[in-house]
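[1] Fold the following and give me the result.
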Amino acid sequence: DAYTRLIAPSLDTELRNELTDKAQAAAIRVFAMNLKPLLMAPPVKNKVVLALDPGYRMGCKTAVVDGTGKVLDTCVIYVTHGDRQYAQAKDTVKKLLKKDNVDVISIGNGTASKETEIFAAETIGEFKAETGRSVSYMVVSEAGASVYSASKLAAEEFPQFDVNIRSAISIGRRLQDPLAELVKIDPKAIGVGQYQHDMPQKELTAALDGVVEDCVNSVGADLNTASPALLSHIAGINGTIAKNIVAYREENGEFTGRAQLKKVPKLGPKAYEQCAGFLRVAESRNILDNTGVHPESYDAAKGLLEKCGYTTADVKAGKLSELHNRASKLGYETLAKELDVGVPTLKDIEKELLKPGRDPRDELPPPMLRSDVLDIKDLKAMLNYVQEHAKEYAEQYAQYAKEQMVKYGIPASVTLAQGILESANGQSQLARKENNHFGIKASAAWLAQGGKYGVYTDDKPNEKFCAYDNVGESFEHHSKVLVDNKRYAQCFTLA
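    Purely as a prediction, here's the structure:
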């Protein structure tokens, strides 16, 4: 009786609560993983963009923004209201393309998006025939654009424009720099997954805010162009300090060095220590101000250059091709002791010196800009493109696969097929940075042996993947994993 009335219901409730907590934690991880690629999408930098926010009844809201995001022109066109207005819309867009020297058209993917895409492709074709100048277009997600356009932040930024035009401006800017634009919007409003309202809001908000902060700090921010919304996500900077930075910039002109941050009201020594390394000043005379090197490590960076026979002028001129080899010959541990920094810090400094002002998003495949509407012929062309790259991969790494077949009996075709799939024809970040072509994670045994690894987000954030000195090691390890695993070994026992 006690079990039926008391123990069983209590156990049932306890178990259900535990499973619900696990499911919610897993869902929040998925939402966080979905957010990162949206924020880290490659930007289309320094291009004049004509943005089209599609619509039926209210027309297609149009805005032109220059390479820095400044609004040049706005209007409303109607591409679904009959032939006469369709022709007028074409004339209007052509005039804007010519007047503002537009490079790219950004089209929101909402209602009437397909009709607007067809209209844009036709207009681009006619414009090229008339002027000889090529313009491309791209369809972008407009998730959260309406939320932003009606927000207090948008009203402060564009008080002269109505809500609909603000939405078009956001669509244009998110093509130019997705991260800088999307940080202005609540992460829950930019399409990271369904049923977010069912999650514990405190935990969900913390997870998504953590991803935003991680992305902003990994990319950094240009001190002379960043908005308060972007700056507020930099470590050590809150909303008030972010506004003070922008106010100081507007009052005193652009920053000429990181040290000027110390003059910003309410930005104390501790905040400066936290934020300085994430803020870039491209206009500074000191090239180190345009890198991820923290001011505290400037002496170490200069010392490394000096010991390797370089100067900061060589950093600016991009003449450090032998820096890694020279540092390796001198020995990283020896250099680290002499410069009074850790070996990981020294290697990070070296990376930053090799690419001042680098943006990690530039290493990703660039956005696919089009000039014509996608149809079945285009899909066939894209398939041929993929097949051609797969063929190039197979030809490049065939010898490695053959060697593995001789040593371990694994068909070369199987090895190459898996390499093509796992490494995206050798173009994945894991393949390019770690020479890992098969997505092999670093096991406890691998780590115990001192194996190298890189940290990436896969099933979970910050998972460790094997890193190799060359591609051959990746192919060798892949074969050993298959042969040593009982699940796979029997598949490759050749008669």
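[2] Remind me which helix or strand Gly472 belongs to.
    helix 471-484 (DSSP states H and E).
[3] and if you look at Met138?
    Using DSSP H and E, Met138 falls in strand 136-140.
[4] From the rest of the structure, what touches that strand?
    When contacts are defined by CB atoms under 8 Å, 6 or more residues apart in numbering, strand 136-140 is touched by residues 44, 103-109, 113, 117, 120-121, 124, 171, 174-175, 367-371. (C-beta placed from N, C-alpha, C; glycine too.)
[5] From these, which land in strands?
    Among the contacts of strand 136-140, the members falling in strands (DSSP state E) are Val104, Ile105, Ser106, Ile107, Gly108.
[6] Now for these: which two are most distant?
    Val104 and Gly108 (13.9 Å; CB to CB).
[7] More neighbours: which of those two?
    Gly108 (28 against 19; other CB atoms under 10 Å).
[8] Could you report the distance from the nearest residue to that one once chain neighbours are set aside to Pro54?
    Spatially, and ignoring its direct neighbours in sequence, Gly108 is nearest to Glu142 (3.5 Å; CB to CB, 6 or more residues apart in numbering). Distance of Glu142 to Pro54, computed by CB to CB, to the nearest Å: 8 Å.
[9] Which neighbours do those two have in common?
    Gly108, Gly110.
[10] hang on, the earlier thing: output the ones in strands among the contacts of strand 136-140 in a markdown table, with distance to Phe161 and pLDDT appended to each entry.
    Shown next, in a markdown table, are the ones in strands among the contacts of strand 136-140 (distance: CB to CB, whole Å; pLDDT from 0 to 100):
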| residue | distance to Phe161 | pLDDT |
| --- | --- | --- |
| Val104 | 21 | 95 |
| Ile105 | 19 | 95 |
| Ser106 | 17 | 95 |
| Ile107 | 19 | 95 |
| Gly108 | 16 | 93 |
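[11] can you map out the strands along the stretch 51-200 of the chain?
    Taking DSSP state E, counting those that start in this stretch to define them, one finds strands in the stretch 51-200 of the chain at 60-65, 71-77, 104-108, 136-140.
[12] Ser218 touches Pro360, doesn't it?
    Yes. Contact between Ser218 and Pro360 holds when scored by CB atoms under 8 Å: they sit 6.0 Å apart.
[13] Find residues that contact each of those two.
    By CB under 8 Å, 6+ apart, no residue touches both Ser218 and Pro360.
[14] Least confident secondary structure element in the chain?
    Scoring the helices and strands of the chain by mean pLDDT, DSSP states H and E places helix 486-489 at the bottom, with a mean of 67.
[15] Filter the contacts of strand 136-140 down to the buried ones.
    Among those, those that count as buried by neighbour count (16 or more other CB atoms under 10 Å) are 44, 103-108, 113, 117, 120-121, 124, 171, 174-175, 367, 370.
[16] how deep is Pro9 tucked in, by neighbour count?
    Pro9: 11 neighbours (other CB under 10 Å).
[17] measure it to Arg173 for me?
    In terms of CB to CB, Pro9 sits 55 Å off from Arg173.
[18] Residue ranges in this structure under the pLDDT threshold?
    Regions of the chain meeting the criterion pLDDT under 70 cover residues 373-379, 381-382, 461, 487-495.
[19] Helices along the stretch 151-300 of the chain, start to end?
    Applying DSSP state H, counting those that start in this stretch to the stretch 151-300 of the chain gives helices spanning 152-157, 163-176, 178-182, 201-219, 228-231, 239-252, 269-275, 298-307.
[20] The second one vs strand 104-108, what angle?
    Computed with axes from the mean of the first three to the mean of the last three CA atoms, to 10 degrees, the direction of helix 163-176 lies at 120 degrees from that of strand 104-108.
[21] list the buried ones in helix 163-176?
    164-176.
[22] Next, give me the two most distant ones among those residues.
    Longest distance between any two of the buried residues of helix 163-176 is 19.9 Å, between Asn164 and Gln176; criterion CB to CB.
[23] Can you report how many residues neighbour Gly277?
    Gly277 has 21 nearby residues by other CB under 10 Å.
[24] residues contacting it?
    So Gly277 contacts Gly292, Val293, His294, Pro295 (CB under 8 Å, 6+ apart).
[25] possible to save the residues you listed as CSV with distance to Leu19 and neighbour count?
    Below are these laid out as CSV (distance: CB to CB, whole Å; neighbours: other CB atoms under 10 Å):
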residue, distance to Leu19, neighbour count
Gly292, 43, 24
Val293, 47, 24
His294, 45, 21
Pro295, 49, 18
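[26] Just the closest of those residues to Tyr195, please.
    Among the contacts of Gly277, and counting by CB to CB, the member closest to Tyr195 is Gly292, at 37.5 Å.
[27] these two touch, right, that closest one and Leu279?
    No. Counting by CB under 8 Å, Gly292 stays clear of Leu279, with 9.9 Å between them.
[28] Need the overlap of contacts for these two.
    Counting by CB under 8 Å, 6+ apart, the residues touching both Gly292 and Leu279 are Gly220.
[29] got the angle between the strand holding Met138 and strand 104-108?
    Going by the same axes, to 10 degrees, strand 136-140 makes 20 degrees with strand 104-108.
[30] How far away from the center of its chain is strand 136-140?
    Relative to its parent chain, strand 136-140 has a centroid offset of 18 Å by CA atoms, centre = their mean, to the nearest Å.
[31] List the buried residues of it.
    So for strand 136-140, counting by 16+ other CB under 10 Å, buried means Ser136, Tyr137, Met138, Val139, Val140.
[32] just stretch 192-206 next, same as before
    Quick answer for stretch 192-206 (16+ other CB under 10 Å): Val192, Gly193, Gln196, Met199, Leu204, Thr205.
[33] now, which of the residues you listed sits nearest Ser151?
    For the buried residues of stretch 192-206, the nearest to Ser151 is Thr205 (16.7 Å; CB to CB).
[34] ok, now which ones touch Ile245?
    Contacts of Ile245 by CB under 8 Å, 6+ apart are Leu223, Pro228, Leu231, Ile237, Leu261, Val264, Leu267.
[35] The fourth one reaches Ala229, doesn't it?
    No. Proximity of Ile237 to Ala229 does not meet the contact threshold set by CB under 8 Å, at 11.2 Å.
[36] Same drill for these two, tell me which one is more crowded.
    For Ile237 versus Ala229, neighbours defined as other CB under 10 Å are more numerous around Ile237 (25 against 19).
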